[in-house]
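Engineer: Need coordinates for the following:
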Amino acid sequence: MSLIIAYIGKNGCVMAADKRKIGYFGDKENLKILEDELYNGEIDSDEDFLKRAEELDISVKITDDASKLKIVGKCVRGEVSTKGTFETRRRRIYGTTKGYQLVELLGSEVTSRRAGESGIIIFGNVFAKKMAENLVSKRFKPSSSLKSKGEIFEQIIEEIASMTPTVGKNCDVLRQDPLFSTNQAQQHLNRTIDQDVKVLFKFRQSLKEQLIQQSREIEMSNKIIDEGDVGKVVSIDGNMVFVQLNDKTQAMDENWKQLAGPGQNVIMFTENDNIKLGDKVIIKNEDLCLKKDKSSLKCDVILCSL
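Structural biologist: Okay, the predicted model is just below:
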């Protein structure tokens, strides 16, 4: 759900993009019906779109704050993306003076890459792209400044937004105009894109690691013992006692790294002068204590089930 209009010429590059994103949830067949009607231009307002979605029992979330343009090096980058079941597909255009490249990615892997020197490139669904092409052909002035071209593109996006809910009225416009020859442009694009894809790869790796960690934390937090036996006292040194964990208990640190497994000892502290070897240690109502008299124990680990 995007519309990006880009101009690349001998004096620089300018891109304009709407900021709309639409999220769906519902039956796949009904979702296809809704998308077909959207892309064919049969639905021409947000109100009609939401009404039709409700008729098809499709949940919709519309936002108008997505940033689809970015300055990367001495280039402007425009991106539209589609989230699949397992990976995100991205289509990008990188533009600068006297050169551009179109890049397609699956996840962070480049699947297609082609270059050009100049032109007007439009990303969008069939209906929005057709309308944009028609309006650009009527209003575009080759001799105008980059600033003026950007203003024309912005006006076109706003006009198309009044015709289809797939495009929002909020718009970003970015320009770059370094002094490049055709060869210099492609050399800079190659370096910039290679680095940008590496950044995307590292970001995705970091995000994957975060998700794995979050999943691990959720898994382990569900194993925290709040009721039941955990072990027995096997050594006493003043107010410090060593507790041997039973065969169903492990001790973790705050990063969910195992410090002690079943049969191993953990250190606990008590103010009970009547503690004996062999005393059972339990958790009762989320409190760590001795089983015999419920006197409190303290420790610096998280006790979890296996």
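
Engineer: ranges for the helices of this structure?
Structural biologist: Using DSSP state H, the helices of the chain run over residues 28-39, 46-55, 126-139, 146-161, 182-221.

Engineer: Of all those helices, which one is nearest Cys289?
Structural biologist: Closest of the helices of the chain to Cys289 is helix 182-221, at 21.7 Å (criterion: C-beta to C-beta). Glycine gets a C-beta too; all of them are placed from N, C-alpha and C.

Engineer: In the chain, which residue sits furthest out from the middle?
Structural biologist: Largest separation from the mean C-alpha position in the chain: Asn274, at 56.0 Å (C-alpha atoms, centre = their mean).

Engineer: contacting residues for it?
Structural biologist: When contacts are counted by C-beta atoms under 8 Å, 6 or more residues apart in numbering, Asn274 touches 293, 295.

Engineer: what pLDDT does it get?
Structural biologist: pLDDT, Asn274: 86.

Engineer: Pull up the gap between it and Asn285, please.
Structural biologist: To Asn285, Asn274 is 22 Å away according to C-beta to C-beta, to the nearest Å.

Engineer: that older thread, could you single out the most deeply buried of the helices of the chain?
Structural biologist: Sort the helices of the chain by mean neighbour count, taking mean count of other C-beta atoms under 10 Å, and helix 146-161 sits at the top with a mean of 20.

Engineer: how close does the nearest residue to Pro262 once chain neighbours are set aside get to Gly116?
Structural biologist: With sequence-adjacent residues excluded and distances taken as C-beta to C-beta, 6 or more residues apart in numbering, Pro262 is closest to Asp247, at 4.6 Å. To Gly116, Asp247 is 67 Å away according to C-beta to C-beta.

Engineer: quick one: which of those two has more around it?
Structural biologist: Gly116 (14 against 9; other C-beta atoms under 10 Å).

Engineer: and the more buried one, what is it in contact with?
Structural biologist: By C-beta under 8 Å, 6+ apart, the residues touching Gly116 are 8, 99-102.

Engineer: how deep is Ser296 tucked in, by neighbour count?
Structural biologist: A total of 13 residues lie near Ser296 under the criterion other C-beta under 10 Å.

Engineer: ok, what's across the strand from it?
Structural biologist: For Ser296, the beta-bridge partners are Cys289 (DSSP bridges).

Engineer: Just the strands from the stretch 201-306 of the chain, written as ranges.
Structural biologist: Ranges of strands in the stretch 201-306 of the chain, per DSSP state E, counting those that start in this stretch, are 228-237, 240-245, 249-252, 258-260, 265-270, 280-284, 287-290, 297-298, 302-305.
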